[in-house]
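S.K.: Next come a sequence and a model predicted from it.
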Amino acid sequence: MVKKKSVFFVVFFVGIFFAGCVLFASGVNAEPKATPWADSARPVQTAQELFSQEKKKANPSTQVDRQKQSGPTPIKHVLENGLTLIVNEMPSSSTVALYAYVKTGSAVEGKYLGSGISHFVEHMLFKGTKRRGPGQISQEVRSLGGLINASTSFDYTIYTLDVPSETFEKGLDILGDMLMNSQFDSEQLEKERAVIFGEMRLHDDNPDRKLSEMIYENVYLRHPYRHPVIGYKNLFEQISREDLLEYYHSRYIPNNIVLSIAGHIKDAQVLKKAQAIFKDFKSAAYPDRNFQPEPDQIALRRAQEEYPTDQTRMSLAYQGVSVLNQDVVALDVLAMVLGQGESSRLVQEVYKKKGLVHSISTGNFTPIDQGLFEIETLLDEENIEPTITAIKEQILILQKQGVRPQELERAKRQVLSEHVLGYQTSSDVAYDAAINEAYLGDADFSKKYLELVDQINSEDVKRVANRYLQDRHLSIVILKPKNESGPTVSSTQEQPAGEIEKITLDNGLVVLLRENHTFPSAAVNVIMNGGTRQETEANNGIFELLSDVWIKGAAGELLKKAELKGAALRGFSGKNSFGVTVNLLSQDLSFGIDLVEQLIKNPVFDQKEFMDLKDSIKSSIHARDDNIMAFTGMNLKQTLFKTHPFRLEILGTEESINKIRYEDLSAMLRQLCLPNNMVISVFGDFNQEAVRDTLKKKFSTLVKKEFTLAEMKEPPLSEPREKF
């Protein structure tokens, strides 16, 4: 995988919006590169029409040009072996997105239920095929200027590949090879098992994920949705290579896959290439979904746990509906009226007026089987009961009075706006079509969904509020801070976080330390002055390139070592700084410090990685320039700043990236990677005195040198500036 490591993904639908807007957790970059954007030719006046129309009470409120709103029309093919191919032609895009949706996830693991085998298989598909050895898939994708990723959910596993349009056929060949010919090498398998064990440990230290687990365990008593996607450790560790192969060959079959492709391609070209690549991919019988439906809940449930966290998290989760239920659209609108947006009822009444919570939001989770309608809050423990009362008061008002016309109008506009603004890229279009086809058998369902939203009235919303938001369908789940005076708190959890200690070594290096035993984890950060502020038009983007190549020295060996420890190592660059950060388990802190020492004292730049990353950044630049929001923001900065480097983009331009030489990276690092330009911070679960001594021994030998930072001043505005 190129930029983001696939981890445990829980799909949470906030409505279905075009049948499947999914929010999934993934690796995070400090200032992430742009994802491939497309369809920038959509007329600006469409958005102007949407926001300038007078509010109306009747359904025509959102009846603008549907074709413009919903983008291209998908073309569907079913190959002879049963593989479903969806093609969306987007001539204005410079990229192509390939999404392979496999109809298998944690809920359909059969005899492996609860083991996390779907997620394990997802990891292993990146570890080599009959034609491509370990590591070759990621390298080849980078050489194409592409990005590859994957995620696992309850109902599906999805593989995503974004490439420049001219490398589409090679990209499809890579994706097809993974789906058909993965090898599950025994050595790679055990390495990846160790990585997932690390993910499990980090997963256990996340209060939001803990709350999520509690929700599903209490709402679902029979259905497989109650089990975590990542699996249970005792079952996961028993998975053998034979188990993985059996599962792979029984689920990864053409008649169980939807392949969705969108971007600058032609349907005939895609069909011909797909037929050639998948011609020997044989269809087979596969296990059908054969679940007993979750029984109707007949009484309110309440669950509460303590957790080492500073604030209370609470969820009110009602039994909901499947994506195929006729009430799903009205429930989506209800979710928006209640708790999505600044003007929603719960935000206004519970958060703003009464001040009972720090945050509150509502979502309608609608998977293939019965979902849930959730109200989630972050609050102080003493406000739990008043908050429950206040939420129920607002629900009761809505159940009796229905929705006001302006609320209904806002909700409909919100659906329409989120759909239009979230449908600009080839990735958006490919994902949308894959989900629609797999869930509903209609790749073009988005347009129909918007029409269904138009038809919702106040009585519809009132009806579903009365039907579904009843106490007998409700589970209240509360995750409270640990009571430090209680007998169950361990000695390490009784220790409060220490004060931040600042040390300045003789060579000018600043060290920041903070001991905190709340979680068994630690973070090491190295930050230096640099970033866009120290760039010129000629070398714009050098720090973004440097931050990537730096941690991928020696062909990614550092990243591989970090992966084996379950650690997250990444470089970052911004407007004023650049550096590296390592997040890992506290038991591996010495490894993290050694890793940072190696990066600082003995940096290795791999020339092939350098060339591959240049291509990848240029692809991201094209994607950025294809996106109307990013393009407008870029022009705003260039209009506001005429001489200051803040007018420059973090990614740079294609011209500046082309000019940057391999030697320039090491020269820039030598210039600024100096102790008197550096801050090292270590926060987390460790002995502060021991770490202080270690850092002094390792970094006191760094030699202080003189350096200069560019100081630019921007002349004040003498008159307003405009650019169209």
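M.R.: Structure's in. What do you need? In this text the structure is predicted, and so the values were computed from the model without any measurement.

S.K.: Only C-alpha atoms from now on, for both contacts and neighbour counts.
M.R.: OK.

S.K.: List the contacts of residue 684.
M.R.: 514, 515, 516, 517, 519, 520, 521, 522, 523, 586 (CA atoms under 8 Å, 6 or more residues apart in numbering).

S.K.: Quick one: neighbours of residue 273, just the number.
M.R.: 16 (other CA atoms under 10 Å).

S.K.: can I assume it is in contact with residue 169?
M.R.: Yes: here residue 273 reaches residue 169: they are 7.2 Å apart, a contact under CA atoms under 8 Å.

S.K.: returning to that earlier point: and the contacts of residue 684, which is closest to residue 202?
M.R.: residue 521 (8.0 Å; CA to CA).

S.K.: Pull up the per-residue confidence for that closest one.
M.R.: Among the per-residue scores, residue 521 shows a pLDDT of 85.

S.K.: ok, back up a step: just put the contacts of residue 684 in a markdown table and tack on neighbour count.
M.R.: Formatted as a markdown table, the entries for those read as follows, by neighbours: other CA atoms under 10 Å:
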| residue | neighbour count |
| --- | --- |
| 514 | 20 |
| 515 | 22 |
| 516 | 22 |
| 517 | 23 |
| 519 | 18 |
| 520 | 18 |
| 521 | 22 |
| 522 | 24 |
| 523 | 21 |
| 586 | 19 |
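
S.K.: mind listing what's buried in stretch 79-88?
M.R.: Judged by neighbour count using 16 or more other CA atoms under 10 Å, the buried positions of stretch 79-88 are 79, 81, 82, 83, 84, 85, 86, 87, 88.

S.K.: and these, which two are the farthest apart?
M.R.: Every pair in the buried residues of stretch 79-88 was compared (CA to CA); the two farthest apart turn out to be 81 and 88, at 21.3 Å.

S.K.: quick one on the thing from earlier: nearest to residue 435, out of the buried residues of stretch 79-88: which one, please.
M.R.: Using CA to CA, the buried residues of stretch 79-88 come closest to residue 435 at residue 86, 10.9 Å.

S.K.: Touching, that closest one and residue 72? I think so.
M.R.: No: the pair residue 86 and residue 72 does not pass the contact test of CA under 8 Å, sitting 11.7 Å apart.

S.K.: what helix or strand is residue 695 on?
M.R.: Assessed by DSSP states H and E, residue 695 sits inside helix 688-699.

S.K.: other SSEs contacting that helix?
M.R.: Taking 3 or more CA pairs under 8 Å, 6 or more residues apart in numbering; DSSP states H and E as the contact definition, the neighbouring helices and strands of helix 688-699 are strand 510-515.

S.K.: Tell me how far the strand it packs on lies from the chain's centre.
M.R.: Taking the mean of its C-alpha atoms, strand 510-515 sits 30 Å from the chain's own mean (CA atoms, centre = their mean, to the nearest Å).

S.K.: Report the strands that pair with that strand, each with its relative direction.
M.R.: When sheet partners are counted by DSSP bridges, strand 510-515 sits next to strand 501-504 (antiparallel), strand 678-684 (parallel).

S.K.: Burial-wise, tell me which of these comes out on top.
M.R.: For the strands paired with strand 510-515, ranked by mean neighbour count under the definition mean count of other CA atoms under 10 Å, the leader is strand 678-684 at a mean of 22.

S.K.: between the one helix or strand residue 525 maps to and strand 510-515, how big is the angle?
M.R.: Applying DSSP H and E as the criterion places residue 525 in strand 521-529. Between strand 521-529 and strand 510-515, the angle formed by their directions is 160 degrees, by axes from the mean of the first three to the mean of the last three CA atoms, to 10 degrees.

S.K.: Extract the C-alpha trace of strand 521-529 and format it as CSV.
M.R.: What follows is strand 521-529, C-alpha atoms only, in CSV (Å, rounded to 0.1, in the frame of the first residue of the first chain):
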residue,chain,number,x,y,z
SER,A,521,1.7,3.9,23.9
ALA,A,522,4.2,6.7,23.1
ALA,A,523,4.9,9.2,20.3
VAL,A,524,8.3,10.5,19.1
ASN,A,525,8.3,13.6,17.0
VAL,A,526,11.2,15.5,15.3
ILE,A,527,10.2,18.9,14.0
MET,A,528,12.4,21.5,12.2
ASN,A,529,11.9,24.9,10.6
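
S.K.: by contact count, what packs against that strand?
M.R.: Using 3+ CA pairs under 8 Å, 6+ apart, the elements in contact with strand 521-529 are strand 577-585, helix 589-601, strand 678-684.

S.K.: now these in JSON lines, with mean pLDDT?
M.R.: Putting the helices and strands packed on strand 521-529 into JSON lines (pLDDT from 0 to 100) gives the following:
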{"stretch": "strand 577-585", "mean pLDDT": "92"}
{"stretch": "helix 589-601", "mean pLDDT": "92"}
{"stretch": "strand 678-684", "mean pLDDT": "95"}
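
S.K.: closest one to residue 197 among these?
M.R.: Shortest distance between residue 197 and the helices and strands packed on strand 521-529, using CA to CA, is found for strand 577-585: 11.4 Å.

S.K.: low-scoring stretches of the stretch 451-600 of the chain, by residue?
M.R.: Scanning the stretch 451-600 of the chain with the threshold set as pLDDT under 70 gives 484-497, 553-556.

S.K.: For the helix holding residue 695, the averaged confidence score.
M.R.: Looking at helix 688-699 alone, the average pLDDT works out to 94.

S.K.: Buried residues in it, which are they?
M.R.: For helix 688-699, using 16+ other CA under 10 Å, the buried residues are 688, 691, 692, 695, 696, 699.

S.K.: what's it in contact with?
M.R.: Judged by CA under 8 Å, 6+ apart, the contacts made with helix 688-699 from elsewhere in the structure are 505, 513, 514, 515, 597.

S.K.: Repeat that for stretch 154-164.
M.R.: Applying CA under 8 Å, 6+ apart, the set of residues contacting stretch 154-164 is 10-11, 36, 94-108, 118-119, 122, 141, 144-152, 171, 175, 225, 229, 367-368, 427, 619.

S.K.: Kindly recompute the last result at 6 Å.
M.R.: For stretch 154-164, contacts defined as CA atoms under 6 Å, 6 or more residues apart in numbering pick out 95-107, 146-151.

S.K.: Please apply the same query to stretch 707-717.
M.R.: When contacts are defined by CA under 6 Å, 6+ apart, stretch 707-717 is touched by residues 534, 643, 644.

S.K.: hey, where'd the strands end up in the stretch 201-350 of the chain?
M.R.: Assigned strands in the stretch 201-350 of the chain, in chain order: 257-263, 301-307, 312-319 (criterion: DSSP state E, counting those that start in this stretch).

S.K.: for these, which one ends up most surrounded?
M.R.: strand 257-263 (a mean of 29).

S.K.: In its sheet, which strands sit next to that one, and in what direction?
M.R.: Taking DSSP bridges, the sheet neighbours of strand 257-263 turn out to be strand 84-89 (parallel), strand 95-102 (antiparallel).

S.K.: Can you add mean pLDDT and distance to residue 182 and give the ones you listed back as TSV?
M.R.: Formatted as TSV, the entries for the strands paired with strand 257-263 read as follows, by pLDDT from 0 to 100; distance: least, CA to CA, whole Å:
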stretch	mean pLDDT	distance to residue 182
strand 84-89	96	21
strand 95-102	96	15
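
S.K.: Tell me which of those lies nearest to residue 445.
M.R.: Taking CA to CA, strand 84-89 is the member of the strands paired with strand 257-263 nearest to residue 445, at 12.9 Å.
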